[in-house]
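In: quick one, what's the 3D model for this:
(chains A and B)
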Amino acid sequence: MDRDNRVCVMGEDVGHYGGSYKVTRGLADKFGDLRVLDTPIAENAFTGMGIGAAMTGLRPIVEGMNMGFLLLAFNQISNNCGMLHYTSGGQFTIPIVIRGPGGVGRQLGAEHSQRLESYFQSIPGIQMVACSTPYNAKGLMKAAIRSENPVILFEHVLLYNLKERIPDEEYICNLEEAEMVRPGEHITILTYSRMRYHVMQAAKTLVNKGYDPEVIDIRSLKPFDLHTIGNSVKKTHRVLIVEECMRTGGIGASLTAAINENFIDYLDAPIVCLSSQDVPTPYAGTLEEFTIVQPAQIVTAVEQLCQ
Amino acid sequence: MASLLRNSGKITTTAGLIARPGFQSGRGFDLSSFSGGAAPFSAPRRFQTTESDIRVDSHCYDDEISQKFSVLGGKVPYSSGMRFTSELPEEKVPCYRVLDNNGQLIDSRNFAGISKEIAMKMYTDMVKLNTMDTIFYEAQRQGRISFYVTTTGEEAINIASAAALKIDDFIVPQYREPGILLWRGFTPQDFANQCFSNKFDDGKGRQMPVHYGSKKLNYFTVASTIASQLPHAVGAAYSLKMDGKDACVVGYFGDGGSSEGDFHAALNFAAVLEAPVIFLCRNNGWAISTPASDQFRSDGVVVKGQAYGVRSIRVDGNDALAMYSAVRSAREMAITEQKPILIEAVTYRVGHHTTSDDSTRYRPLEEIEWWQMARNPLTLYRKWLESNSWWNDEAEAELRSNSRKELLKAIQVAEKIEKPPVGDMFTDVYDAVPSNLFEQEKLLQQTVTRYPQDYPSDVPVRAVPSS
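Out: Numbering: from 1, shown residues only, chains lettered A, B, ... in the order given. You can find the predicted model right below:
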């Protein structure tokens, strides 16, 4: 926001309150409450407002207090945000960033545990990225702000408290690149967001058992970084996808199709995809734990794939 | 209050914070030292109470309850009588009119005046718009264009509102406002090119007919979705407010559009944000086959303004001078006071909803004919022009004939221009063509080249450049 005075933020409670997860804390004090705007509760309206502001030269960052609430903004995101650059013949650009916390948290209830990347992945004209570490959160956010395309940045409710040493100087992460978390030889494990941590936990167990998994955080959900993924598949010949999306119609489903289409000749076994079940997320803590993929399941899946 | 004022490239920021009662700023700002600068953001008012001006016979104020920071935003009188506010006001909101049925000024004191130049251009543009509608509608019927939407009956709203604005004012249309483009310089050829989706269309042939858009003329591209443009209008106004520009935004919509959630949210936002936006409702009585009586039960759209804290007016949409006058004043208010204004222009949709509709199936022919004859915006306005000796039958005949010729020629020319190449199907989805779309385009090129008989012959298949 210092670097470019066209950048502004809008959303519910982003101003003085600092955002529901304190992501925008201190910004209103520094930049004022017009540039860090508290909006009334109407997701379709403030997303639309962000689109209109973007069409007239600003670079807005729209926050959904919880990604699930952006379902109310689906019309604006699909019909206008994704389309207006195209339908206007390239006259109007929409350099907007739509971001917010999503995913399954700790007992937030079904309505606050949505995985919106499933629903949005079909929309032409938008890009989707998911951050997972403090380092890539900063890098992807900056890249998203500077991009001329509309970008949806998925943050995860349970990852806000992570601490990491990151460079003071400016850096950006490439929006379309996947991140190599752990190189390996036996199997390619593709994941993103919070599941990355479950995978890495499983990786510890797997290494002790003598396996050498290659873990890739795909980061770019639309488009997929098929270059990095493809090179990995060509090396290991086995793929496990670990996601938080539901089984039906999730990112994993699309990724499975994309890999099969492009790299079938390099696969020694069918792709396995571990996802959440097709149920609304229960509130009870134990049940909630059962719906998401746990490290033990990942270990079992790798063992089976590598037989 | 921190305000970002941008004046000719120079950025001045004054860091500050709203002193909200009960909120410790830690910096102890004195609101009286706030200087508004170029644009009166008036943000301190967001957290101050305002005096309510409701007065009833028996009232008492309970100071304990009517505290400074009250959920009702001010002191509210109590009443021991239980009164429900009626669902409809006793009197409908009056409709502002300048010309009577004979084209004479009713009360010249309430009309600020208009220059002859603008007055004449208003009429000639209304005639051109009316002619364009006739010819393009006929072209659709002949199968030359696939779809068209007429503006018949609403020419005054289109042209007069455009005349009252300046080129810097952003236009955020629904789809029945091509007149504003016409006023701003869109030519018959430009309109025809879009309707024929040929390669000279600014939209590169991607949208259906009448979905015009022009960044140059500050006219947002039409999207088919109803009322979704109203939040865009608020966003554009937010942008103008940040820049402190001497301009406003006008968001157009119909009576049907006022039912959409986006309308309510946009008005609410604009009021809270204090955004310089005019919401202009073309209440033409019909939303396809749904009459206004089935659309809402309030006294039209104008009363909704007060519900959101938005100043509003009802205007006779078929009276060009009333429209001109109201929009001019609204623009002035929106910019100097930085607030939204709602204008309900009462009119009638003389034509069908679109070329896919036959409105005689759901409304009486007599009704259509009455509005076409008795309250025709062109006829009424022409009477006033003629009373000033600014117009006559010869001029009319010449204008209509020339417009017709020009439009017919535009159609003939547009019809023959080639369509955009297949490659344009894949550009502008993103700023650069990504690899997956490049692959998809290549595949399509190959398929079309191999089976040309299965594909239209007038869409050039441009060779895919090596990336």
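
In: show me the strands in chain B, by range?
Out: Ranges of strands in chain B, per DSSP state E, are B:3-7, B:10-14, B:170-172, B:249-254, B:277-283, B:286-287, B:290-291, B:311-316, B:341-346.

In: is stretch B:269-282 positioned near chain A?
Out: Yes. Against chain A, stretch B:269-282 shows contacts by C-beta under 8 Å from any C-beta of the partner chain at B:F269, B:V272, B:L273. Any C-beta I mention is one placed from the backbone N, CA and C, and that applies to glycine too.

In: gap between the two ends of that stretch?
Out: One end of stretch B:269-282 to the other measures 21 Å (C-alpha to C-alpha, to the nearest Å).

In: any idea of the mean pLDDT for it?
Out: Averaged over stretch B:269-282, pLDDT sits at 97.

In: contacting residues around stretch A:231-242?
Out: The contact list for stretch A:231-242 (C-beta atoms under 8 Å, 6 or more residues apart in numbering or on different chains) reads A:184-191, A:195, A:198-199, A:214, A:216, A:252, A:255-256, A:259, A:263, A:266-269, A:271-275, A:293, A:298, A:301-302, A:305-306.

In: CA atoms of that stretch as PDB?
Out: Only the C-alpha atoms of stretch A:231-242 are listed here, as PDB (Å, rounded to 0.1, in the frame of the first residue of the first chain):
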ATOM      1  CA  ASN A 231       8.700 -33.300 -14.000                       C
ATOM      2  CA  SER A 232       8.000 -34.900 -10.700                       C
ATOM      3  CA  VAL A 233       5.700 -37.500 -12.100                       C
ATOM      4  CA  LYS A 234       8.200 -38.300 -14.800                       C
ATOM      5  CA  LYS A 235      10.700 -39.000 -12.000                       C
ATOM      6  CA  THR A 236       8.600 -40.900  -9.400                       C
ATOM      7  CA  HIS A 237       5.800 -42.500 -11.500                       C
ATOM      8  CA  ARG A 238       3.400 -42.400  -8.600                       C
ATOM      9  CA  VAL A 239       1.100 -39.700  -7.500                       C
ATOM     10  CA  LEU A 240      -0.900 -39.100  -4.300                       C
ATOM     11  CA  ILE A 241      -3.000 -36.000  -4.000                       C
ATOM     12  CA  VAL A 242      -3.900 -34.800  -0.500                       C
END
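
In: list the buried residues of stretch B:91-104.
Out: Neighbour counts over stretch B:91-104 (16 or more other C-beta atoms under 10 Å in any protein chain shown) mark B:V93, B:C95, B:Y96, B:R97, B:V98, B:L99, B:G103 as buried.

In: mind giving me the domain split of chain B?
Out: Chain B breaks down by automatic domain parsing into domains covering B:28-76, B:95-414, B:422-454.

In: highest average neighbour count across those domains?
Out: domain B:95-414 (a mean of 20; mean count of other C-beta atoms under 10 Å in any protein chain shown).

In: close to chain A: what parts of the stretch 101-250 of chain B are there?
Out: Near chain A, when you scan the stretch 101-250 of chain B using C-beta under 8 Å from any C-beta, you find B:170, B:172, B:201-204, B:206-207, B:211, B:213-215, B:220-221, B:223, B:225, B:228-242.

In: so of those residues, which ones are in helices?
Out: When DSSP state H defines the helices, the subset of those inside them is B:229-242.

In: in the stretch 151-300 of chain A, what residue spans correspond to strands?
Out: With strands called from DSSP state E, counting those that start in this stretch, the stretch 151-300 of chain A shows them at A:151-156, A:179-182, A:187-191, A:213-217, A:220-222, A:239-246, A:272-276.

In: which neighbours does the longest one have in its sheet, and in what orientation?
Out: Take DSSP bridges as the rule and strand A:239-246 pairs in its sheet with strand A:187-191 (parallel), strand A:272-276 (parallel).

In: save those as CSV, and put in mean pLDDT too.
Out: Converted to CSV, the strands paired with strand A:239-246 look like this (pLDDT from 0 to 100):
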stretch, mean pLDDT
strand A:187-191, 97
strand A:272-276, 96
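
In: deepest of these, which one?
Out: Greatest burial across the strands paired with strand A:239-246, using mean count of other C-beta under 10 Å, falls to strand A:187-191, with a mean of 29.
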